[in-house]
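Asks: Output the structure for:
(one chain, ligands or ions: 1)
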Amino acid sequence: MAIPKVFITRRLPEKCIKPLQQVAEVKMWSEEYKPVPREVLLQEVQTSHGLLTMLSDRVDETLLAQAPQLKCVANLAVGYDNIDLEACRLHHVIPCNTPDVLTETTADLVFALLMASGRRLIEANDYLKQGKWQEWGPFLMAGADIHHKTIGIVGMGRIGTAVARRAQGFAMNVIYHNRRRNVEAESELGARFCGFESLLETADFVVNLIPYTETTKGLFNQNAFTKMKKTALFINAGRGATVDEDALYQALLEGEIAGAGLDVFSQEPIPKEHPLLTLEQVVALPHIGSASVETRKQMISLCCKNLMRTLAGEKPITPIET
Ligand code: DGY
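Replies: Next up is the predicted model:
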């Protein structure tokens with residue numbers, strides 16, 4: 001093959017993509033914070049052998065049908081609900097993601113979100129900075145304890161297990177629900193497998209880490225929130241569309257649950273006017289689960305390695321296997 005072409009859908013640091021530039025002609029969308037327009041992407045794929053995509057780029061049949069030379073799509077995320085895997089199979093395109101390198105960083109963020117929600121950190125910070133702190137009071141910004149409470153993790157893969165490890169350090173009781181039993185988490189961390197409903201009824205902190213699929217769509221619905229304790233906090237770092245956000249809003253408004261810490265939303269970026277953002281018992285973050293500088297560099301490097309291997313006719317390090 002003549003020198004292969006790779007298109008990167010966001011501006012990334014030149015230093016991080018240097019190895020890729022040595023083996024391919026690399027073109028990059030010029031903006032860091034604005035996604036590449038769909039028409040530009042559809043144009044670029046026509047001559048590309050590799051794509052480095054963000055979770056906001058849709059890789060579907062329409063795109064793949066216009067990409068006769070495409071061999072690999074390297075997605076800068078562990079989640080891949082933006083990629084049509086069946087269409088990739090039909091077009092002989094290898095999809096890759098970035099598992100492992102982001103596990104601990106994402107687990108840190110999940111736990112930070114849990115703590116910020118439980119101990120009302122963002123609310124307290126705003127209260128102080130807005131000059132509202134006039135007197136100390138015994139219940140001023142009093143939140144919920146985290147230590148010795150029950151954490152219920154829905155989606156006990158790598159990140160779930162890393163969250164459970166952190167919870168163990170806080171002497172929490174760890175219960176989980178997952179498609180398959182996680183033997184490692186059970187034997188090493190004392191995590192206990194639970195039915196979904198039983199987890200909802202028992203947990204003080206319900207942590208959602210499940211990916212978005214046809215089966216998980218809207219799993220956290222009105223029924224689910226009604227089952228949770230009125231003091232429960234709901235943490236979502238999985239995917240937004242696994243939650244019925246109208247039901248979540250109503251549950252928070254009506255005191256069915258006490259609060260929520262959200263890093264992901266059905267629509268991203270979530271509009272500023274969204275009802276969920278009007279609630280002080282909601283901590284909301286702009287999908288920054290894996291956003292540490294070190295980890296983002298490792299994710300980019302892994303994407304480049306996956307592309308380089310595939311373009312050289314070798315097996316990538318982390319192809320998406322379902
Ligand atoms: C992912 O990589 O899928 C995570 O959502 C990033 O935070």
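Asks: do the lengthiest helix in the chain and the ligand meet?
Replies: Across the chain, the longest stretch assigned as helix under DSSP state H is helix 293-311. No: Helix 293-311 does not reach the ligand (CB under 6 Å from any ligand atom); its nearest approach is 7.6 Å. Where C-beta positions appear, they are placed from N, C-alpha and C, glycine not excepted.
Asks: Centre of the chain to stretch 38-45, how far?
Replies: 25 Å (CA atoms, centre = their mean, to the nearest Å).
Asks: Go through it and flag the buried ones.
Replies: 41, 44, 45 (16 or more other CB atoms under 10 Å).
Asks: residues contacting the first one?
Replies: Which is residue 41. Residues near residue 41 by CB atoms under 8 Å, 6 or more residues apart in numbering: 7, 9, 57, 63.
Asks: By neighbour count, which of the residues you listed wins?
Replies: Within the contacts of residue 41, residue 7 tops the neighbour count with 26 neighbours, counted by other CB atoms under 10 Å.
Asks: Determine the three-state secondary structure at the nearest residue to residue 115 once chain neighbours are set aside.
Replies: In this structure, residue 115 finds its nearest non-sequential neighbour in residue 146, 6.1 Å apart by CB to CB, 6 or more residues apart in numbering. Classification of residue 146 using DSSP: H, G, I helix; E, B strand; the rest coil returns coil.
Asks: Can you give me the neighbour number for residue 146?
Replies: Around residue 146 there are 20 other residues, counting by other CB under 10 Å.
Asks: now, which of the buried residues of stretch 38-45 sits nearest the ligand?
Replies: Closest approach between the buried residues of stretch 38-45 and the ligand, by CB to the nearest ligand atom: residue 41, at 19.5 Å.
Asks: Surely the closest one forms part of a helix?
Replies: Yes: under three-state DSSP, residue 41 falls within a helix.
Asks: Report the contact partners of the residue nearest to residue 115.
Replies: By CB under 8 Å, 6+ apart, the contact list for residue 146 reads 114, 115, 118, 119, 170, 172, 205.
Asks: who are the neighbours in contact with residue 298?
Replies: The contact partners of residue 298, taken as CB under 8 Å, 6+ apart, are 98, 101, 102.
Asks: wait, residue 248
Replies: Listed by CB under 8 Å, 6+ apart, the contact set of residue 248 reads 220, 225, 234, 260, 276.
Asks: Would you map the helices across the stretch 1-150 of the chain?
Replies: For the stretch 1-150 of the chain, helices defined by DSSP state H, counting those that start in this stretch occupy the ranges 14-21, 38-44, 61-64, 85-90, 103-118, 121-129.
Asks: how much space between residue 121 and residue 167?
Replies: 18 Å (CB to CB, to the nearest Å).
Asks: Rebuild the helices of the stretch 1-150 of the chain as TSV, extending it with mean pLDDT and distance to residue 50.
Replies: Putting the helices of the stretch 1-150 of the chain into TSV (pLDDT from 0 to 100; distance: least, CB to CB, whole Å) gives the following:
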stretch	mean pLDDT	distance to residue 50
helix 14-21	97	8
helix 38-44	98	11
helix 61-64	98	13
helix 85-90	98	13
helix 103-118	98	25
helix 121-129	98	40
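Asks: Which one of those lies nearest to residue 287?
Replies: Ranking the helices of the stretch 1-150 of the chain by proximity to residue 287 (CB to CB) places helix 103-118 first, at 10.0 Å.
Asks: which element is residue 234 on?
Replies: Applying DSSP states H and E as the criterion places residue 234 in strand 233-236.
Asks: Direction included, what does that strand pair against?
Replies: Note on strand 233-236: by DSSP bridges, its sheet partners are strand 205-208 (parallel), strand 259-262 (parallel).
Asks: what's downstream of that strand, the next helix or strand?
Replies: Using DSSP H and E, the next helix or strand after strand 233-236 towards the C-terminus is helix 245-253.
Asks: thinking again about what came up before, and the longest helix of the chain with helix 14-21, angle?
Replies: 10 degrees (axes from the mean of the first three to the mean of the last three CA atoms, to 10 degrees).
Asks: Helix 293-311: which residues count as buried?
Replies: Neighbour count says helix 293-311 has 295-296, 298-311 buried, by 16+ other CB under 10 Å.
Asks: Which member of those residues is positioned nearest the ligand?
Replies: Taking the buried residues of helix 293-311 together and measuring to the ligand by CB to the nearest ligand atom, the closest member is residue 299, at 7.6 Å.
Asks: Good, we can wrap up now.
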